[in-house]
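Engineer: I'll drop the sequence and a predicted model, then ask my questions.
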Amino acid sequence: MGRIAGIKIKNYGSLRDVKLGKVLSDSDAKAKELTNINAIIGQSGTGKSTLADAFGFLADCLEKGVEVACDLNGRGGYETLISQGAEGSIEFELYYREAGNEAPITYELSIGLDKTGRPVVEKERLRQRRARERYGRPMSFLFLEYGRGFAFKGTDSGLSEDNQEVGEKVDVELADPRQLGIVTLGELREHPRIVKFKNFLKNWYLCYFSPMAAREIPSAGPQKYLNRLGNNVNNVAQYLYREDPKDFIKVLRDIQSKLPGINSIKPVKLQNGQLVLEFFEEGFSKPFYSQKMSDGTLKLFAYYLLLHEKDARPLVFIEEPENGLYHQYLADLASQMKSSIKGMYSKQLFITTHSPFFVNALSPDEVWVLEKQQDGFSTIKRASEYEHVKALCESEVPLGDLWYSSYFG
Ligand SMILES: Nc1ncnc2c1ncn2[C@@H]1O[C@H](COP(=O)(O)OP(=O)(O)O)[C@@H](O)[C@H]1O
Ligand SMILES: [Mg+2]
């Protein structure tokens, strides 16, 4: 599993140079790590969607390679994507912990253009401190430039900053410098740290629920996880039902208690093996199928199903859950999201939002404020860094109310 303690992004659209949480290259030694739930707020055009997309971009780079990733999801190619007037490449730095007792890993990635103008991985590096050292500089155990470099096998190995080699080093040359090295090396058992990191990144979930898409008649077949658009709720329901019918009925009971106007939800197995959900609405004796449910009900249902997934994905990014939802439901959704996090390294949530009701459930360290500066680029600040906000929250004024009253943001 694992979670990120921090992320630094350079030259990605309006995010010319932003950092959330703590990273290795930090000049600020006191920087606090990211929490398990992180909401991102800010006026329109301040870069919330860009931030969500930066996470999606990293996931796409892993899955599809950097050239394809630059074109996916309406990104419009490298030249459109990179910050206007940027000097240098698109760069990411992730500070990641697999578990509390393991030294954090730093992943650096920079993406530029090759001589023919095609996007390419300029540099990719993984670093970690030695297991017994609490301080000290980390050693590189993967280092590639334009697809060539080295990796160190096993754990607790690498190249120190003064060029001391610890453990077994192997030379690496990738066939395609547009693919990430962690994809290839993350398949090899002799590189357990790379395997874990790749799997962590591979399991990120970027969620763009679309009630329209959720109304399409799905194909049959159980699926473990909700997809990006959330149009496979029935398939996920089928999976959960197959794994443990009794538990799934409990899950449905829990969800139905949170959907306003819904008395019960029943799973019905069709002859072709497909599972459909019947929603019994107050005032009606016959059930409705998901195709007929309101946008808001479908969306809430999908969010609550997401919170009940088996083997939750380690990092989930949700864009503006409030769209299509009645404002009062947001407070409950936020507190359910918080309580779905069962341990430090089980799940980390990122949510962009405009809803003070959502923010009311959070503390000042869990909220990040994006602002657009005069030069057109975004800056980001933790709500706890604003004067008075922390003190007022401690005296029990809800954070969303402070935001609504323009104390910050
Ligand atoms: N390549 C770029 N360089 C700098 N700014 C950009 C670039 N591409 C888009 N932008 C700016 O990024 C801003 C952020 O938009 P967006 O992330 O959609 O904001 P939000 O989701 O907060 O409403 C837009 O105002 C746009 O002008
Ligand atoms: Mg947006």
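Structural biologist: Done, it's in. Ligands and ions are numbered 1, 2, ... in the order given.
Engineer: Can you dump the C-alpha atoms of stretch 382-391 in PDB for me?
Structural biologist: Extracted as PDB, the C-alpha positions of stretch 382-391 are listed here (Å, rounded to 0.1, in the frame of the first residue of the first chain):
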ATOM      1  CA  ARG A 382      -2.300  25.000   3.600                       C
ATOM      2  CA  ALA A 383      -5.300  26.500   5.300                       C
ATOM      3  CA  SER A 384      -3.400  26.100   8.600                       C
ATOM      4  CA  GLU A 385      -0.800  28.600   7.300                       C
ATOM      5  CA  TYR A 386      -3.300  31.500   7.300                       C
ATOM      6  CA  GLU A 387      -3.200  33.700  10.300                       C
ATOM      7  CA  HIS A 388      -6.100  33.100  12.700                       C
ATOM      8  CA  VAL A 389      -7.500  30.100  10.900                       C
ATOM      9  CA  LYS A 390      -5.900  27.500  13.200                       C
ATOM     10  CA  ALA A 391      -6.800  29.400  16.400                       C
END
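Engineer: how does this structure divide into domains?
Structural biologist: Annotated domains of the chain cover 3-34+46-205, 208-312 [automatic domain parsing].
Engineer: Show the end-to-end separation of the first one, please.
Structural biologist: I take that to be domain 3-34+46-205. Distance between the boundary residues of domain 3-34+46-205 (C-alpha to C-alpha, to the nearest Å) amounts to 13 Å.
Engineer: can you tell if it touches ligand 1?
Structural biologist: Yes: using C-beta under 6 Å from any ligand atom, domain 3-34+46-205 reaches ligand 1 at 13, 14, 46, 47, 48, 49, 50, 82, 83, 84. Placement of C-beta: from N, CA and C, glycine included.
Engineer: One more: the last one?
Structural biologist: No: between domain 208-312 and ligand 1, judged by C-beta under 6 Å from any ligand atom, nothing touches; the nearest distance is 12.6 Å.
Engineer: can you put the residues of domain 3-34+46-205 next to ligand 1 in TSV and add pLDDT and secondary structure?
Structural biologist: What follows is the residues of domain 3-34+46-205 next to ligand 1, written out as TSV (pLDDT from 0 to 100; DSSP: H, G, I helix; E, B strand; the rest coil):
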residue	pLDDT	secondary structure
13	98	coil
14	98	coil
46	98	coil
47	98	coil
48	97	helix
49	96	helix
50	98	helix
82	98	strand
83	98	coil
84	97	coil
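Engineer: neighbour-wise, which of those leads?
Structural biologist: residue 47 (26 neighbours; other C-beta atoms under 10 Å).
Engineer: for it, what are its contacts?
Structural biologist: For residue 47, the contact set (C-beta atoms under 8 Å, 6 or more residues apart in numbering) comprises 13, 14, 15, 18, 370, 372, 378.
Engineer: helix or strand for the nearest residue to the fourth one once chain neighbours are set aside, which one?
Structural biologist: Across the structure, with C-beta to C-beta, 6 or more residues apart in numbering as the measure, the residue nearest residue 18 apart from its sequence neighbours is residue 380 (4.8 Å). Residue 380 is part of strand 378-382, with elements assigned from DSSP states H and E.
Engineer: Local confidence estimate at the nearest residue in space to residue 344 that is not next to it in sequence?
Structural biologist: The shortest distance from residue 344 to any non-neighbouring residue, by C-beta to C-beta, 6+ apart, is to residue 100 (6.2 Å). Note on residue 100: pLDDT of 85.
Engineer: Tell me, how many residues neighbour residue 100?
Structural biologist: Quick note: residue 100 (other C-beta under 10 Å) scores 8 neighbours.
Engineer: Quick check, it in contact with residue 345.
Structural biologist: Yes: here residue 100 reaches residue 345: they are 6.9 Å apart, a contact under C-beta atoms under 8 Å.
Engineer: so residue 384 touches residue 394, yeah?
Structural biologist: No: taking contacts as C-beta under 8 Å, residue 384 lies outside contact range of residue 394: 10.5 Å.
Engineer: Can you show me the helices along the stretch 251-400 of the chain?
Structural biologist: 295-307, 329-339, 356-359, 389-394, 399-404 (DSSP state H, counting those that start in this stretch).
Engineer: Dump the ones you listed into a markdown table; add mean neighbour count and distance to ligand 2 as well.
Structural biologist: Shown next, in a markdown table, are the helices of the stretch 251-400 of the chain (neighbours: other C-beta atoms under 10 Å; distance: least, C-beta to the ion, whole Å):
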| stretch | mean neighbour count | distance to ligand 2 |
| --- | --- | --- |
| helix 295-307 | 22 | 17 |
| helix 329-339 | 19 | 17 |
| helix 356-359 | 25 | 15 |
| helix 389-394 | 16 | 24 |
| helix 399-404 | 21 | 17 |
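Engineer: In a markdown table: the ones you listed, plus mean pLDDT and distance to residue 196.
Structural biologist: Shown next, in a markdown table, are the helices of the stretch 251-400 of the chain (pLDDT from 0 to 100; distance: least, C-beta to C-beta, whole Å):
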| stretch | mean pLDDT | distance to residue 196 |
| --- | --- | --- |
| helix 295-307 | 92 | 24 |
| helix 329-339 | 94 | 25 |
| helix 356-359 | 96 | 32 |
| helix 389-394 | 89 | 35 |
| helix 399-404 | 95 | 35 |
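Engineer: Find the closest residue to ligand 2 in the chain.
Structural biologist: Proximity of the chain to ligand 2 (C-beta to the ion) peaks at residue 49, 3.2 Å away.
Engineer: excluding its backbone neighbours, what's nearest that residue?
Structural biologist: residue 319 (6.5 Å).
Engineer: Worst mean pLDDT among the domains of the chain?
Structural biologist: Looking at the domains of the chain, the bottom one is domain 208-312 with a mean of 90.
Engineer: mind checking how far it is from the chain centre?
Structural biologist: Relative to the centre of its chain, domain 208-312 is centred 23 Å away, using C-alpha atoms, centre = their mean, to the nearest Å.
Engineer: Equivalent analysis for stretch 43-59, please.
Structural biologist: With C-alpha atoms, centre = their mean, you get 11 Å for stretch 43-59.
Engineer: and residue 17, how many neighbours?
Structural biologist: For residue 17, using other C-beta under 10 Å, the count is 15.
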